[in-house]
Structures are given as structure tokens and as C-alpha cells.
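Q: Fold the following and give me the result.
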Amino acid sequence: MESHPGAREQWANKREYILAVAGNVVGLGNVWRFPYLCYKNGGGAFLLPYMLFAVLVGFPVFLLEAVIGQYTQEGSINCWRKLCPLSQGIGYSILMIQFYSRLYSIVMAWALFYLCFSFSDPLPWSSCNNSWNTERCVELNSQNGTAGHSANQTGNWTSGSLTKSSVSEFWERRVLSMSGGIEELGTVSWELLLCLLACWVACYFCIFKGVRSTGKVVYFTALFPYMTLAILLVRGLTLPGAWQGLVYYLYPDLSRLADVQVWMEAGSQVFFSYGLASGTLITLGSYNKVKNNCYKDSLWLCLLNSGTSFTAGFAVFSALGFMAHKQGVSMDVVIDSGPGLAFIAFPQALAMMPLPQLWAVCFFLMLILLGLDSVFSGLETITASVTDLFPKQMRKPWRREIFLIFFFTFCFLLQISLTTQGGIYQFQLIDYYGANGACLLFVCIAQCVAVGWAFGADQMCGAVEKMTGQKPSAVFSLCWRYITPLICLVCFVIYFMDYQPLTSKQGQAYPAWAYQLGWTMALSSVVPVPLWAVGKLCTSRGSFRQRLSTLWRPGRDPCTTETTETFLGGTSPCSSA
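A: Down below sits the predicted model:
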């Protein structure tokens, strides 16, 4: 696009923005987390706390971040210079969260590994006749639902320590080659390493030209998962036993609403699935034209996200109901969440369907594309922030491309350890501490304070009206100032009151150094906010009161005396500093 330093790219059309945001917010959590949480926390009753959080936290913060990006035309760091200079540390906290979130590229590598094996006949995880299988292995005959080959078969595969399902052994022994714990790093899996490299190369070509490349890629990466999900949904609903799965998915248990943990998990699901406090909504919104109707866009994108989560549950639980029906076991035996659902439970269900290779290819390709959208959106957040900080150096295509090569290489080298035999334990540690719900809650609180109190919630509503011609409801002003930060603060306190140290799936505790590393990662996502505020107060001129007033004053750029109204839609004078 434009080559001079002050220029900022924009989406070629509105469709590209909608598809990019839809691809970012509709991710793995919609498929492998929401359905399980709904079943676990009261079925249809779980929808009440989920919708409450979506209305009081999800939509207000989603709209807020989209407006911030579009209004300031800046990424997740520079935008705070225009709104509240004292809060610019929020942007650096977001960068740390995004850096840890790049962990999910290994999930894409796992899915690619499965995809490569999905063309085999029979599917390798459906039998025990493989080199990685042990004497404990029990396979499930897809024709009659009876137990298949095992050298020392003693009972059903669900009996835990006595036997192991063939799909579990494929996951643990073939894909991960799991060691005994995080302290046993073991060797690198060269196949998984190549899959990881392929994923990083794909991410590079998705964003190396900025929104010019991203805007074209999302036509496929955002739309294809919806097509695949629709196909899997239709197929799942036509399977015997599907109704049993749907009953388990949605059967309301109102007594679960008395459990505070249910409400906490509903809140965390809204945060993760809506992509809140991660900077991606700010970044993607900053490429919009200033007069774009972000108010209407945000409403429809939030409805799309929640609707996809709900619909994905029908596809997942109809397949799991079919699997339980074929095995003659209860639903609670076959249900799992997270990687366990995507790489153990669902592949087992796929192996039992007619034409299993077809459904396996569809499912794992869908997982790869869901992950790809989320990963390259996060990478664009990091890249856009660096570009905004150093516009003269970075807003030249070849320099951006070189920066991305070095950054992607650095991330890839760091993640090589995730392809080792102890990689799954590292994944769990970073996932649990590095970009956890508490960090997102803290960033969300800081954003609401900076916009609702420093910049001014009413002024932000006025900005929405100026850009869209439609004034948002006064409820949003109340949410940004009071309701949303209060809810997030309560959840933040409960999170620490209910904190449980991370343990492995076998219930084993991690070594002490691992917990120390985990808390270091968690703090690194939080401390930039107070550190930046203290640093700015200490280095600015004037009395403490004058410094606080200048840095807190809403609508003022710290580099000039211009107000935000003056440079709305333009480039901040700070950008060229």
C-alpha cells in the first residue's frame, strides 16, 4: 500500500475485516471447550451464566476494543497514547499474553500430524497392530462395537490402569512419545518438528504482506471451517445414538447454578472465545476506515461466535453419543475436553463411522484452519504494534518481511522443546500460567479504567456516534465504567481464592521450579501495566499532581498538545517520534 512512513494499511473491503475477526474469535475453544463445559456445568442451565457474561462483559469489551482500534487507527500499544498515556503498559502486557499464546501453533502441528495419517486405511489409531502399541492396548471393532485385538486383553478399554484404548496409545506413544514428566525432556520428534515448521511457514505467508495478504487468506481459512462444521453436524445428527449425546449436552441441571465454579468457567469461556484483552480486536479494527459501522459489526460477530459455539456442541456430542452407543457405555465415559476431545475422543468416534478417512480429513483440516486464523491474528497484533512503534523503519514491505522471518524463526526455535517427549507437560504449564484467565481479567480491568474513567465512557460513546452515526446505548457507558470492571475484579479475586497448582493428567505434581517458572510467566503478563505507569510518573516533568493530570488527562496525546479530536483518523505525532 502506501510507502511513506505515516501511512497505515486498511482493509480492501468490509468483508475482509468481518472474516478476519470471525476467524480470530471462532477458534479451537468453540469446538473443544464450550461443548464440554456446557455438559459439565449443567447442560442447558450453563447457558444462563454464559449469556449473562456475554451480555455484561463479552459484548461491551468486544465493542470497546473494536472502537479503540478504529478510533485511534493504532495497534495495541500506540492506541493508549491517544486515550490515556499512563496506561500504555496495557499494550506491553498484551504483547506478553500474545507471545505466550503462540504456544497454540503446536496444536496446529498435532492436527497436521493427524491429518497426514488420516489418509491411511485403516486409520492407525483404530487398531493395536502397530509398532507403538503395548500389550495393554485394546481396539474397538467399528463394525460391531466389540473389543478387538490385545495380547493380554483384560476387560474393557475404559478400565483405566488395566488397559489403554488404541486411540489413546496413538496420541500418547506415537504423536507425543510422552515421557514421565516435565523434567524428562527426552528426544525431539522430527515428524512433529516438520509439522511445526510447516505451520510457521503457513503463518508467515498469511501475514507477510500485512492486511493485503491476510485479507485474501481469510476467505478460505475463515469460511472453510464453517463448511466443515456444517458437514460434520449433518453427519453427526444422522448417526445412531446421536440423540443420547444431545441429551447429555443440553439436559438442564439447575442445581449446578449454585456452584461458583460454574460461573467462573462461563466467564473464562466468554473471555477466550470472544478474544478479549488479547489486542487482536484492537489491531484488526485499526485497519478499518474511520467511518466503518463497528457498532453493528461487533453485535453480529458476537452473535456469530456464541452461535458457533452452541452449534459445535451438537456436532461434537452427536458423534460422542454415537460412540457411546456403539461401545455400549455411558456418555460420561467418552466425554473429554481440550486436547483430549480433539485428539482422543473425537478421533475414536471418527474411526467408527463409515468412510472414516473422509471425516478424519475434514475434522483435522478444520482444526488446522481454526488454529491458523487465531495464530496469525495474534502474530499480526505483535507485528502491527512493533510497526507502529517504529514506523520509519518498519513501514516498508521488505523490512516487515525480514522482521517477520527473524521473529518467526525465534518463535520456532523456542518451540522446538514442545516437540520433545516432555513437550506436552511444557504445553500444559504455559497454557495454565502464561496466558491464563487471571491475566486477561487484569488487562480487561485496566482497559475499562483507562477508557471508562480516564478517557471517559461518555466521550467514547460520542466517538462511536461520530464514526457510525449511531449512538450506543447508555448501558455500554455503565458497563465500561462500573459493571464490567466490577465483574472482572470479583472473578479475579475468586480466581486466586480458588487457585489449585497445576498437576498432570495422572494427578502428579510438577517440580517446584516449574511452578516458579509458571508464576514468572503469569506476572510478566501483568507487571508492565504498573511498571509503565510508575516509570512515566517518575520521568515526566512538573509536580506529581501535574504529571498525573497530564498523563491521565483524557483525549490528550503525550507528545503534543493536540486533542484526540484533532488527530482522529490520522497518525499520532508520537508515531514518528
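Q: Distance-wise, check Thr387 relative to Phe205.
A: 18 Å (C-beta to C-beta, to the nearest Å). C-beta here means a position set from N, CA and C on the backbone, and glycine is covered the same way.
Q: Those two: which is more packed in?
A: Comparing Thr387 with Phe205 by other C-beta atoms under 10 Å, the one with more neighbours is Thr387, at 23 against 12.
Q: Quick check, pLDDT for the more buried one.
A: Predicted confidence (pLDDT) for Thr387: 90.
Q: Provide a list of residues in contact with it.
A: Counting by C-beta atoms under 8 Å, 6 or more residues apart in numbering, Thr387 touches Gly75, Met394, Arg395, Arg400.
Q: if we go to 7 Å?
A: Met394, Arg395, Arg400 (C-beta atoms under 7 Å, 6 or more residues apart in numbering).
Q: tally of neighbours for the closest residue to Leu123 other than its chain neighbours?
A: Once flanking residues are discounted, Leu123 sits nearest to Ala351: 5.0 Å by C-beta to C-beta, 6 or more residues apart in numbering. For Ala351, the count of nearby residues is 24 (other C-beta under 10 Å).
Q: Verify the stated contact: Asp121 with Gln357.
A: Yes: in this structure, Asp121 is within contact of Gln357 by C-beta atoms under 7 Å, at 6.3 Å.
Q: Same drill for these two, tell me which one is more crowded.
A: Neighbours were tallied for Asp121 and for Gln357 using other C-beta under 10 Å; the higher tally belongs to Gln357 (17 against 8).
Q: So the more buried one is in contact with Cys116, correct?
A: No: applying C-beta under 7 Å, one finds Gln357 not in contact with Cys116, separated by 12.0 Å.
Q: Now do the end-to-end distance for stretch 500-517.
A: 16 Å (C-alpha to C-alpha, to the nearest Å).
Q: Please point out which parts of that stretch sit buried.
A: Within stretch 500-517, the residues scored as buried using 16 or more other C-beta atoms under 10 Å are Leu502, Tyr510, Ala514, Tyr515, Leu517.
Q: can I get those in a markdown table with distance to Ser177?
A: Shown next, in a markdown table, are the buried residues of stretch 500-517 (distance: C-beta to C-beta, whole Å):
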| residue | distance to Ser177 |
| --- | --- |
| Leu502 | 21 |
| Tyr510 | 19 |
| Ala514 | 20 |
| Tyr515 | 25 |
| Leu517 | 23 |
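Q: Could you count how many residues lie near the nearest residue to Arg8 once chain neighbours are set aside?
A: Leaving aside its chain neighbours, Arg8 sits nearest to Gln73 (5.9 Å; criterion: C-beta to C-beta, 6+ apart). Gln73 has 25 neighbours, counted by other C-beta under 10 Å.
Q: and what of Ser126?
A: Neighbour count for Ser126, taken as other C-beta under 10 Å: 25.
Q: residues touching the closest residue to it other than its chain neighbours, list them.
A: Computed as C-beta to C-beta, 6+ apart, the closest residue to Ser126 that is not its neighbour in sequence is Ala351, at 3.8 Å. Contacts for Ala351 (C-beta under 7 Å, 6+ apart) come out as Leu123, Trp125, Ser126, Ser142, Val167.
Q: quick one: average pLDDT of whatever helix or strand Pro347 lives in?
A: Using DSSP states H and E, Pro347 falls within helix 346-351. Average pLDDT, helix 346-351: 90.
Q: Helices along the stretch 1-150 of the chain, start to end?
A: In the stretch 1-150 of the chain, the helices defined using DSSP state H, counting those that start in this stretch lie at 14-25, 28-32, 34-40, 47-53, 59-72, 79-83, 89-101, 105-117.
Q: Just the CA coordinates for stretch 173-180, please, in CSV.
A: This file holds the C-alpha atoms of stretch 173-180, laid out as CSV (Å, rounded to 0.1, in the frame of the first residue of the first chain):
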residue,chain,number,x,y,z
ARG,A,173,3.0,-43.0,22.3
ARG,A,174,3.0,-42.2,18.6
VAL,A,175,2.3,-38.4,18.4
LEU,A,176,3.7,-37.2,21.8
SER,A,177,6.0,-40.1,22.8
MET,A,178,5.3,-38.9,26.3
SER,A,179,8.0,-39.0,29.0
GLY,A,180,7.4,-39.4,32.7
